[in-house]
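In: Let me see the structure of the following:
(chains A and B, ligands or ions: 2)
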Amino acid sequence: MDMDDRIRDYIFKIWIAFSAITVISVIVYIFGYIFVHGISSVDMEFIFSQPKGMPIGTEGGIFPAIVGSIYLMLIACLFASTLAIATAVYTVFYCDNKRIEGIIHLIVKCMAGIPSIVLGLFGYTLLVLNLRLGRSLLSAGITLGIMIYPYIEVRIEKILREADKDIIDSSYALGVSKFHTLFKLILPLYKRDIISVITLAGGFAMGATAPIILTGAVLFAPVPKSLSSPIMALPFHLYILTGEGISLEKAYGTALVLILILLIINILSIVLTITGKEHN
Amino acid sequence: MDIIKINNISVSYGDNKVLKDFSMGIKKNGITAIIGPSGCGKSTLLTSLNLMLEENGGSFTGEILFKDKNILSYPKNDIRRMIGMVFQKPTPFPISIYKNLTYAPVFYGIKDKEKLNEIVKNTLIKTGLYDEVRGNLNMLATKLSGGQQQRLCIARALTVEPDVLLLDEPCSALDIKNTANIEEMLLELSKEYTIVIVTHNLSQAKRISDYTAFILDGQLVEYDETEKLFTSPSDIRTKQYIEGVYG
Ligand SMILES: Nc1ncnc2c1ncn2[C@@H]1O[C@H](COP(=O)(O)OP(=O)(O)OP(=O)(O)O)[C@@H](O)[C@H]1O
Ligand SMILES: [Mg+2]
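Out: Ligands and ions are numbered 1, 2, ... in the order given. Below you'll find the predicted structure:
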C-alpha cells in the first residue's frame, strides 16, 4: 500500500464512521424524544379505552385507533399481496413476452412513484364515490393496499427470480406441472421470505396518513364493526391531535404507541427472514 | 428393441446449432453410456429426450420416437414422467426425505397414505438408502451427504415409475466410494429400467454400460457395444478420444 492508498482508506473509514454515528444518533434522538414526551400519557387506560373529553381526544385513550390501524394493515396486506403474488408469478413463470414484462415493470414502477395523497384522492373518487363504498375501513384499506402493492410486487418478484433453478427444473423433470411446482413447492419454500416482505409493507401501510384522510379515517369512531364502518387510525389521530391543537401530550402518547407497534412488526419481519434462512 | 429412436434431429439454442442431423436408437433396459468432450452436446441430447430442452431455451427439428410414437404426441408431463432425469449436481428439494419422495406421486393423484408409504419404502430400497435413512424420514433432505442426496434424487425419479432414466454425469460431484455405490445400484436398476448415462469417466462407462455412444461436435461418431467400442473402435477419432487425445 502506498501513501495515497492509505490516505484514501483513512478518509473512507472516517466517512463510514461519521455516517453511522449520524444515523444512529438521529434514530436514538427521535425514539428518545418521543419516549420522554409520550411515556407520561401511556398507561393501561390510554391503550384500552376510547377517546373522551371536550374537545374529544383531550382525555381517555386510543383503543379504537389501535384496532383500526391493525385492521387497516390487514386489509391492505391481503389486498396488495394477492395482487402482488399473482403479478410476480405471472412475470417470472408465465410471461415469455419481454415486451409485456417490460410494460408490467413500467406500470409497477409508476405506481410506486405516485404521491400518497394522490392515491388518497384516487381512492376517494373511485372507491368512496364511484363504487359507493363510502368512507370506510374497506376504502381506506384498499387505498393503502394500492400504495404498498408495488413495494411487495418488486420484492416477491426478486425472491422468485432468485429461486433455485435446479429445484424448479427437478420438479419439471418429474413431469410435475408448473402450477403445482409453484404453489406446492416454490411458494411454500420461500413463504417466510414472502411473509416477511408483506409484514414489512404492512408496517409501512400502518404508518401512512395521506391515503386514509379522504377515504375512511375519522376523528372519532368506535372499534369498527364492519368493513363499511369509518375508522380511527393511529397516524390520523396523531395528525388531528396536533393539527387541531387538541392535546400535544396525547399526540406524543399516540406516536409512542405507533412506533412501538411498528418496531414489533419490523422485528417480526427480521426474525422471519433469519429463521427462513436457517430453514433452507 | 429400441425404446427410444432418434431420427435425424438437429438441436439448437437460438442460432447456435449444437446437434446436427443426429440419429441414434436406445435399447430397452440395460445401460447406454454417452461420452464425448466437453461442449459436444451430451447434455443437450439428454434434455431433448425428456423435453427439458425447451426450459433451457433450446429447440429441435426432426423426430424422436418413444415406444414407436413421436414424443411430441404425448402430453409433455407424461413424457417427463416416463423418461426421468437426474442432474449432475444433487438437487434434493429442501423438504423432508419423505416429502421429496411423495411430492410427485401426490401430484399424480395418489392420496392413500399406505400407498405413499409403500412408494417411499420401495424407492429407498431400490436405491440402497432404506437402511441408512429409515429412522430419519422426516429429516431435511439437504442434510444428507452428497452421495445420499444423489441416490435420493434417483429414488425421487423412480417414484413416478418411469421406463427410462437419464443421468447427466451423476457421479462427477462424488468420491470413489459413493460413485461405486451408485454404479452398483445402476447395474441393479438396469434390469428393470432403461438407463442412459452421460459420463466423463471412461472407466465408468466401461464398467457399467452395455452400449456406448461417442459424440464429437454434435455428431454421433461411433455407437457400439461398450466392449467393442473400447477394445477395437472403428473410427480413428474414437480411438484418439479413448486414448486421451481430446482430454
Ligand atoms: N441453455 C443453453 N443456452 C445456450 N446454449 C447452450 C445452452 N446449453 C448448452 N449450450 C451450448 O450447447 C453446446 C453443448 O452444450 P452441452 O451442455 O450439451 O455440452 P456437454 O456435452 O453436456 O458438455 P459438458 O461435458 O461440459 O457437460 C455448448 O456449446 C453450449 O455452449
Ligand atoms: Mg453436460
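
In: Any idea what the residue nearest the centre of chain B is bridged to?
Out: The centre of chain B sits closest to B:Leu166, judged by CA atoms, centre = their mean, with a distance of 1.6 Å. On the basis of DSSP bridges, B:Leu166 is bridged to B:Met85, B:Val196.

In: Run through the residues that contact it.
Out: Applying CB atoms under 8 Å, 6 or more residues apart in numbering or on different chains, we find B:Leu166 in contact with B:46, B:49-50, B:83-86, B:196-197. Quick note: C-beta positions are derived from backbone N, CA and C, even for glycine.

In: Out of those, which is nearest to B:Ser203?
Out: B:Ile197 (13.2 Å; CB to CB).

In: For the closest residue to chain B within chain A, give its distance to ligand 1.
Out: Of all residues in chain A, the one sitting closest to chain B is A:Gly175 (3.4 Å; CB to the nearest CB). Going from A:Gly175 to ligand 1 by CB to the nearest ligand atom, to the nearest Å gives 21 Å.

In: For that residue, give its distance to B:Lys17.
Out: Counting by CB to CB, to the nearest Å, the separation of A:Gly175 from B:Lys17 is 28 Å.

In: These two - which one has more neighbours?
Out: Neighbour count, other CB atoms under 10 Å in any protein chain shown: between A:Gly175 and B:Lys17, A:Gly175 has more, with 23 against 13.

In: helix, strand or coil for the more buried one?
Out: Look at A:Gly175: counting by DSSP: H, G, I helix; E, B strand; the rest coil, its state is coil.

In: Repeat that for A:Ala221.
Out: Quick answer, by three-state DSSP: A:Ala221 is coil.

In: can you give me the strands for chain A?
Out: Applying DSSP state E to chain A gives strands spanning A:51-52, A:59-60.

In: B:Phe22 is nearest to which of the ones you listed?
Out: Comparing the strands of chain A against B:Phe22 with CB to CB, the closest turns out to be strand A:51-52 (79.3 Å).

In: Check which helices and strands that closest one sits against.
Out: Applying 3 or more CB pairs under 8 Å, 6 or more residues apart in numbering or on different chains; DSSP states H and E, one finds that strand A:51-52 contacts strand A:59-60.

In: which helices and strands does the strand it packs on pack with?
Out: Counting contacts by 3+ CB pairs under 8 Å, 6+ apart, strand A:59-60 packs against strand A:51-52.

In: can you pull the pLDDT of B:Asp15?
Out: Listed pLDDT for B:Asp15 reads 92.

In: And A:Gly276, by the same measure?
Out: pLDDT at A:Gly276 comes out at 69.

In: same thing with B:Leu158?
Out: pLDDT, read off for B:Leu158, is 96.

In: now swap in the one 5 residues further on and tell me
Out: The confidence metric pLDDT takes the value 96 at B:Asp163.

In: how deep is it tucked in, by neighbour count?
Out: 17.

In: mind listing what B:Gln219 touches?
Out: B:Gln219 makes contact with B:19-22, according to CB under 8 Å, 6+ apart.
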